[in-house]
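J.: fold the following, please.
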Amino acid sequence: GEMLEFSGADALFDKMLEGFKDKPEMAAMEATIKKGYGDTAMMQTVRNMWGHLPKKPVRVGDKWRTSLDLPGIVRLKTNYTYKLQSRNAEQAIISTNSTARSISGKSSEMDLGAVKIAYELSGHGDGNIIVTQPGGILKQSTQTFQLKGVMHMEGNSFPKMDVPISTKTKVTT
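T.: So this is what the prediction gives:
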């Protein structure tokens with residue numbers, strides 16, 4: 001249940017952006033894309049898919065918590081609470097509740113060259129995870145997440161703008 005290696009995303013983006021190598025104005029966008037979706041970010045994202053399993057045995061009704069800094073275009077500090085709802089010889093069902101807040105600062109700023117974008121968001125989510133027993137391999141997961149806040153945009157030839165944002169995402173694995 002532990003991710004040890006992830007590769008291919010950096011090479012994919014290098015190939016996709018090959019035609020822009022002679023355009024220095026695209027360098028910031030390329031770096032932003034790799035930061036959000038490159039090998040390192042994908043490794044962390046995929047690793048988090050298995051981050052919900054407790055390190056010690058639990059019984060039905062027990063809860064445990066994790067806190068993660070999620071990479072990507074919008075960096076989030078997310079706190080999860082898990083509860084073992086049921087378990088039999090074939091599978092375990094885990095319910096989830098979460099809260100999140102965007103991580104601010106230069107490392108969270110998205111630089112697209114002509115414009116820089118930063119997010120100030122917070123939200124919550126819930127869902128269910130089904131894992132095999134006794135192995136704990138992900139069988140199915142459905143997570144719903146809502147975020148609200150502001151997207152800040154600013155650039156040299158772009159007026160400063162603050163845009164309200166409200167999103168609801170449902171992810172089924």
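J.: show me where this protein has its helices.
T.: All helices of the chain, identified by DSSP state H, fall at 9-16, 27-37, 39-48.
J.: where do the strands sit along the chain?
T.: Counting by DSSP state E, one finds strands in the chain at the ranges 63-70, 76-87, 91-102, 110-111, 116-132, 138-155, 158-172.
J.: dump the ones you listed to JSON lines, plus mean pLDDT.
T.: Output for the strands of the chain, formatted as JSON lines (pLDDT from 0 to 100):
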{"stretch": "strand 63-70", "mean pLDDT": "85"}
{"stretch": "strand 76-87", "mean pLDDT": "93"}
{"stretch": "strand 91-102", "mean pLDDT": "94"}
{"stretch": "strand 110-111", "mean pLDDT": "74"}
{"stretch": "strand 116-132", "mean pLDDT": "91"}
{"stretch": "strand 138-155", "mean pLDDT": "91"}
{"stretch": "strand 158-172", "mean pLDDT": "90"}
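J.: out of those strands, flag the one nearest residue 33.
T.: Residue 33 sits nearest to strand 110-111 of all those, at 9.5 Å, using Cβ to Cβ. C-beta here means a position set from N, CA and C on the backbone, and glycine is covered the same way.
J.: packing partners of the closest one?
T.: If contacts are counted by 3 or more Cβ pairs under 8 Å, 6 or more residues apart in numbering; DSSP states H and E, strand 110-111 sits against helix 27-37, strand 116-132.
J.: same thing but at 6 Å, please
T.: helix 27-37 (3 or more Cβ pairs under 6 Å, 6 or more residues apart in numbering; DSSP states H and E).
J.: just to revisit the earlier point, okay, the strands of the chain in a markdown table with distance to residue 4 and mean neighbour count next?
T.: Shown next, in a markdown table, are the strands of the chain (distance: least, Cβ to Cβ, whole Å; neighbours: other Cβ atoms under 10 Å):
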| stretch | distance to residue 4 | mean neighbour count |
| --- | --- | --- |
| strand 63-70 | 18 | 14 |
| strand 76-87 | 22 | 16 |
| strand 91-102 | 23 | 18 |
| strand 110-111 | 29 | 20 |
| strand 116-132 | 19 | 17 |
| strand 138-155 | 16 | 16 |
| strand 158-172 | 23 | 10 |
